[in-house]
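Chemist: need a structure here:
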Amino acid sequence: MSEANDPTGGVVVGGPGGAAGGAAGGAARGGPEEVPPGDRPGAGRRRAAKRRKGLEPPLRHRIITASLLTVAALYFLTPVYWLVVSSTKSSSDLFGTFGFWFHDPHPLDYLHRVLTYDDGIYVRWFVNSLMYAGVGALAATLLSAAAGYALAKYRFPGREGIFNVILAGVLIPGTALALPLYLLFSEIGLANTYWAVLIPSVVSPFGVYLCRIYAAAAVPDSLLEAARIDGAGEARIFSTLGLRLMTPALVTVFLFQFVHIWNNFFLPLVMLSDSDLYPIQLGLTSWQGYADRQPELYQYTVGGAFLSVLPLMVLMGVLQRYWRTGLTEGSVKA
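Modeler: You can find the predicted model right below:
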């Protein structure tokens, strides 16, 4: 046993090879802490897993959450399931068989009839809807991004007043504007044209609001200042930095606007009188109006409604990954 004088005046007892002295010496020197003799490889990971498990909510809370989500999923997916089943039936089977199960299914035959009826008018409606929703949602997203970015990152007189007016626009229903828009478009000769549906679709007050809130939180001012110091212009900063950092918000605006335009019925009903310009929703309604005289149109309407759901499902599946994480993490060094 050896003794060493402690700087504070005490005596430290223990040999250099002793367990206590070795552990204390290692800790004092800042070396790695020795693994306790009873620990096996991987014990640290198991302890960390136990700690994480302690942060999980109680089992009853997880059961309640899963049950509520299951009920919500059934509520939203049941109509889609009914469409899948009904699109395989004839018009007589739609009313004479159980609605939630198949009966003599011929899905490809019935869907082919939908696509070829009246010289393929449904295909034209489908393309019209893709054009209205795709072009309108893309233009609305870019316009909302520019407006939201400017309101969030630039200081100018009347900024808050403009933003309040945009917020007021969120509260105005689109149906209240349809008739004034029709009278305006009739005066300038754009009624019953593609522009009559496209131009109102590029304005999204909710998109501007969402883009402003997201740009204020996700686009750092220090990053913009660094780009300005490097000589980048404002247009380049917005296109190369602002749009990329705002991608999750832009995807949200695009999807919401696409769904809104795709399902829009009242505006095309007011604006359009030529059936070649109809979107899917208005075209299916016209089929249903003639179904009393042509019973096969009941089946065509159901089959067309099923086909109209597919683009929304595909779009949701493709774009949902952009919502899982933000793209700004690590862009600025703290």
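
Chemist: quick one: secondary structure of D119?
Modeler: Of the three states, D119 takes coil under DSSP: H, G, I helix; E, B strand; the rest coil.

Chemist: roughly how far out does the strand or helix carrying L130 sit from the chain middle?
Modeler: Assignment of secondary structure by DSSP states H and E places L130 within helix 121-153. Taking C-alpha atoms, centre = their mean, to the nearest Å, one finds helix 121-153 lying 14 Å from the centre of the chain it belongs to.

Chemist: buried set for the helix or strand following it?
Modeler: With elements assigned by DSSP H and E, the helix or strand that comes after helix 121-153 is helix 159-170. For helix 159-170, the buried set under the neighbour-count rule, 16 or more other C-beta atoms under 10 Å, comprises 163, 166. In this view, the C-beta of every residue, glycine as well, is placed from N, C-alpha and C.

Chemist: tilt between helix 159-170 and helix 121-153?
Modeler: Regarding helix 159-170 and helix 121-153, their directions subtend 150 degrees when assessed with axes from the mean of the first three to the mean of the last three C-alpha atoms, to 10 degrees.

Chemist: Show the subsequent helix or strand relative to helix 159-170.
Modeler: Once helix 159-170 ends, the next helix or strand along the chain (criterion: DSSP H and E) is helix 174-187.

Chemist: got a list of contacts for that next one?
Modeler: Around helix 174-187, the neighbours that count as contacts under C-beta atoms under 8 Å, 6 or more residues apart in numbering are 191, 195-196, 199-200, 264, 266-267, 270-271.

Chemist: Just the C-alphas of that helix, formatted as PDB.
Modeler: What follows is helix 174-187 as a C-alpha-only set of coordinates in PDB (Å, rounded to 0.1, in the frame of the first residue of the first chain):
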ATOM      1  CA  GLY A 174     -65.700  30.200 -53.300                       C
ATOM      2  CA  THR A 175     -69.300  29.800 -54.100                       C
ATOM      3  CA  ALA A 176     -70.000  33.400 -53.100                       C
ATOM      4  CA  LEU A 177     -67.500  34.600 -55.800                       C
ATOM      5  CA  ALA A 178     -68.600  32.300 -58.600                       C
ATOM      6  CA  LEU A 179     -71.400  34.600 -59.900                       C
ATOM      7  CA  PRO A 180     -69.400  37.900 -59.800                       C
ATOM      8  CA  LEU A 181     -66.600  36.100 -61.600                       C
ATOM      9  CA  TYR A 182     -69.000  34.900 -64.300                       C
ATOM     10  CA  LEU A 183     -70.300  38.400 -64.900                       C
ATOM     11  CA  LEU A 184     -66.700  39.700 -65.000                       C
ATOM     12  CA  PHE A 185     -65.500  37.000 -67.400                       C
ATOM     13  CA  SER A 186     -68.500  37.500 -69.600                       C
ATOM     14  CA  GLU A 187     -67.700  41.100 -70.000                       C
END
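
Chemist: Which helix or strand lies directly C-terminal to that helix?
Modeler: Next along the chain after helix 174-187, taking DSSP H and E as the criterion, comes helix 195-201.

Chemist: Show me how far that next one is from its chain's centre.
Modeler: For helix 195-201, the distance to the chain centre is 23 Å (C-alpha atoms, centre = their mean).

Chemist: Give the rounded mean pLDDT of that helix.
Modeler: Model confidence over helix 195-201 averages 93 on the pLDDT scale.

Chemist: Sort out which residues of it are buried, please.
Modeler: By neighbour count, with 16+ other C-beta under 10 Å as the criterion, the buried positions of helix 195-201 are 196-198, 200-201.

Chemist: With only the CA atoms kept, save it in PDB.
Modeler: Taking C-alpha atoms only, helix 195-201 is exported to PDB below (Å, rounded to 0.1, in the frame of the first residue of the first chain):
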ATOM      1  CA  TRP A 195     -59.400  30.400 -68.700                       C
ATOM      2  CA  ALA A 196     -62.700  30.900 -66.900                       C
ATOM      3  CA  VAL A 197     -61.700  27.900 -64.600                       C
ATOM      4  CA  LEU A 198     -57.900  28.300 -64.600                       C
ATOM      5  CA  ILE A 199     -57.600  32.000 -63.700                       C
ATOM      6  CA  PRO A 200     -59.600  31.800 -60.400                       C
ATOM      7  CA  SER A 201     -57.800  28.600 -59.500                       C
END
